[in-house]
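Participant: below are the sequence and a predicted model for it; my questions follow.
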Amino acid sequence: MNYKKKTAFFLLFTTLFLSLFLFFSCAYGLNEFLYRGTGVDERSKKIKDETLSSAVASSFTFIVVTDVHFGSDKNRLDENFWARLKELNVPGQPPAFVIVLGDIAEHGEKDEFKQYAAFVKKIKTFGVSEVYGVVGNHDLYNSGWKHWRTYVYPKSSYYRFKTNRFSWYFIDTGNGTLGEPQLKNLVKEMEKDTNPKFVFSHYPLYGGRIPYFVLSDPKERAVLIDTFTRNNVKMMFSGHFHRGRPVYNYGNFSEAVLRSFIDYGSWVEVRLNENDLSFSLTERN
């Protein structure tokens, strides 16, 4: 390639890159496209203990969805979800609660979170007692954190609750990392807690060897795998990677990377028996 062709190619590439950068950065908040002032170290330092809004039986079902992306220009695929909730809304069968693994909003805008609030309100008409949220990277665009903590229950991004025998940990990975304060606190809290555990996160530990789809710090991932292995974690549920991944077994625990609701209309129903600590996952769409 001669000098003129190289120069033309460089200019074309630069123009395309800058055009794409400006397009996406304007949509998702130019001043926060590469940096967000409200980081995980400020949001999530110490775990918050929550109490279930209603008691659960020793055996029950809960639902996990991820990446609902209100405000996206994609066609919504909600109808099968409503039909399934209607099927389950009979005495003794409604899911105890629903968990949403982040990327609730597409651009972090207030109106998108208001659409999510309407989504939650409709879920509760089918006998579901509560909808618990996890913060995702899209939720933080355009200073979306202030809206997330207004519209997403329980308005905390790092928390846990307990059922009969299980502990449920919800971690803040919205910035692609837990950050040092949260990570240290999580290790300490898990080491004191002998219960079997579920963990819920937006970013996966394993995203099919694609760096963008996993927590960014390999040392952090190693600490989490070690902590989960030693402290009776049974399953980690994560999103972010819209295509999802088959359940990955780390030995003492497994990870389910769920397919996105916005692209596939997909969710997972988990049947948990706390008498014998058994559980099963069924993907639906």
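Facilitator: The structure has been received and is ready for your questions.

Participant: so which residues of the stretch 151-285 of the chain form helices?
Facilitator: Using DSSP state H, counting those that start in this stretch, the helices of the stretch 151-285 of the chain run over residues 179-192, 218-230, 261-264.

Participant: any idea of the mean pLDDT in the shortest one?
Facilitator: Averaging pLDDT along helix 261-264 gives 98.

Participant: now that helix, how far from the centre of its chain.
Facilitator: 14 Å (Cα atoms, centre = their mean, to the nearest Å).

Participant: other residues contacting that helix?
Facilitator: 65-69, 72, 74, 76-77, 81, 242-244, 267, 285 (Cβ atoms under 8 Å, 6 or more residues apart in numbering). C-beta here means a position set from N, CA and C on the backbone, and glycine is covered the same way.

Participant: buried residues, it. List them.
Facilitator: Buried positions in helix 261-264, judged by neighbour count with 16 or more other Cβ atoms under 10 Å: 261, 262, 264.

Participant: what about the last one, distance to residue 46?
Facilitator: Residue 264 sits 36 Å away from residue 46, taking Cβ to Cβ, to the nearest Å as the criterion.

Participant: what's in contact with the helix or strand harbouring residue 85?
Facilitator: Residue 85 belongs to helix 79-88 when assigned by DSSP states H and E. Residues outside helix 79-88 that contact it (Cβ under 8 Å, 6+ apart): 61, 65, 94-95, 122-123, 126-128, 261, 265, 267, 284-285.

Participant: out of those residues, the closest to residue 171 would be?
Facilitator: residue 65 (17.4 Å; Cβ to Cβ).

Participant: the helix holding residue 85: what's the following helix or strand?
Facilitator: Downstream of helix 79-88 (by DSSP H and E), the next one is strand 97-100.

Participant: show the average pLDDT along that next one.
Facilitator: Taken as a whole, strand 97-100 has a mean pLDDT of 98.

Participant: please begin residue numbering at 348 from this point
Facilitator: Okay, using 348 as the starting number, the last item reads as strand 444-447.

Participant: and that strand, what does it pack against?
Facilitator: Strand 444-447 sits against strand 406-412, strand 477-480, with contacts defined as 3 or more Cβ pairs under 8 Å, 6 or more residues apart in numbering; DSSP states H and E.

Participant: got those as JSON lines, with mean neighbour count, mean pLDDT and distance to residue 451 columns?
Facilitator: Listed next are the helices and strands packed on strand 444-447 as JSON lines, based on neighbours: other Cβ atoms under 10 Å; pLDDT from 0 to 100; distance: least, Cβ to Cβ, whole Å:
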{"stretch": "strand 406-412", "mean neighbour count": "20", "mean pLDDT": "97", "distance to residue 451": "10"}
{"stretch": "strand 477-480", "mean neighbour count": "22", "mean pLDDT": "98", "distance to residue 451": "6"}
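
Participant: save these as JSON lines, and put in distance to residue 461 too.
Facilitator: Shown next, in JSON lines, are the helices and strands packed on strand 444-447 (distance: least, Cβ to Cβ, whole Å):
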{"stretch": "strand 406-412", "distance to residue 461": "18"}
{"stretch": "strand 477-480", "distance to residue 461": "14"}
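
Participant: how about the ones you listed, which one is nearest residue 504?
Facilitator: Set against residue 504 and scored by Cβ to Cβ, the helices and strands packed on strand 444-447 come closest in strand 477-480, at 8.4 Å.

Participant: mind giving me the packing neighbours of that closest one?
Facilitator: strand 444-447, helix 457-471.

Participant: okay if I get those as a markdown table plus distance to residue 399 and mean neighbour count?
Facilitator: Conversion of those to a markdown table gives the following (distance: least, Cβ to Cβ, whole Å; neighbours: other Cβ atoms under 10 Å):
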| stretch | distance to residue 399 | mean neighbour count |
| --- | --- | --- |
| strand 444-447 | 8 | 24 |
| helix 457-471 | 15 | 17 |
